[in-house]
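>>> pasting the sequence and the predicted coordinates here, then a few questions.
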Amino acid sequence: MSKREADLLVSVQNVLLNEPVARTARALSHFGEHDLGWLATAGVGVGVDKRNRRKWLAMAAGTFVAHAASVVLKRIVRRKRPTDPRIVIGVSTPSTLSFPSSHSTSTAAAMVHLADISGSKLPYVGIPVMMLSRMVLGVHYPTDTLIGSLIGAGVAKAAIGLEKETR
């Protein structure tokens, strides 16, 4: 990969990589693995928030489709995860493919849905948090997380639009 992206990733780790941050990043990694944390969140929402049940179902569909799209793109693009010896790898991954970040994709989709459900912009803070966590762990380049987040947000906007059209 480009030296510039590897240098940026090393800079992120130099600033943010310490045990409390790495521990939090690993927890986010486990929560976001295969979209399972966001699907579980949507499932709880469906069960407890009857008034917004359709929105929670849209969230489940949106994060699932976003995650699936990222997996398909990974197999097409086949960009390898960071291998620069200066980069510390802080978590195991299910594949060696990096682009786009599936965690960033499904998290961005989830945050856009949660903003829609709650009527608050506060969930958007979760997008850069997940993006940074993937870089702190050394498993994604910055563009992996950025493009993944854009894909996830776009899929969520489409799912929200479909949910509103079918009311």
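Everything's here; your move. Numbers count the residues shown, from 1 in each chain.
>>> find the residue at the geometric middle of this protein.
For the chain, Ser104 is the residue whose C-alpha lies nearest the centre (C-alpha atoms, centre = their mean; 2.0 Å).
>>> quick one: Thr24 from Ala110, how far?
Using C-beta to C-beta, to the nearest Å, Thr24 is found at 17 Å from Ala110. Heads up, the C-betas are built off the backbone N, CA and C, glycines and all.
>>> and if you look at Ala58?
Look at Ala58 and Ala110: by C-beta to C-beta, they are 11 Å apart.
>>> of those two, which one has the most company?
In this view Ala58 and Ala110 are compared by other C-beta atoms under 10 Å, and Ala110 has more residues nearby, 29 against 24.
>>> against which helices or strands is the lowest-mean-pLDDT helix or strand in the chain packed?
Sorting the helices and strands of the chain by mean pLDDT, DSSP states H and E puts helix 3-16 at the bottom, at a mean of 92. Contacts defined by 3 or more C-beta pairs under 8 Å, 6 or more residues apart in numbering; DSSP states H and E place helix 3-16 against helix 126-136, helix 142-165.
>>> what about Val46, neighbour count?
By the measure other C-beta under 10 Å, the count of residues near Val46 is 17.
>>> apart from its neighbours in sequence, what residue is nearest it?
Leaving aside its chain neighbours, Val46 sits nearest to Trp56 (4.4 Å; criterion: C-beta to C-beta, 6 or more residues apart in numbering).
>>> which secondary structure element contains the residue nearest to the centre of the chain?
Taking DSSP states H and E as the definition, Ser104 sits inside helix 102-118.
>>> so where's the protein shaky on pLDDT?
For the chain, the stretches with pLDDT under 70 are 1.
>>> rewinding a little: got the angle for the least confident helix or strand of the chain vs helix 126-136?
Per axes from the mean of the first three to the mean of the last three C-alpha atoms, to 10 degrees, the angle that helix 3-16 makes with helix 126-136 is 100 degrees.
>>> and the next helix or strand past helix 3-16?
Of the helices and strands lying after helix 3-16 in sequence (DSSP H and E), the nearest is helix 19-32.
>>> circling back to that earlier point, the residue nearest to Val46 and Lys50 touch, don't they?
No - taking contacts as C-beta atoms under 8 Å, Trp56 lies outside contact range of Lys50: 9.7 Å.
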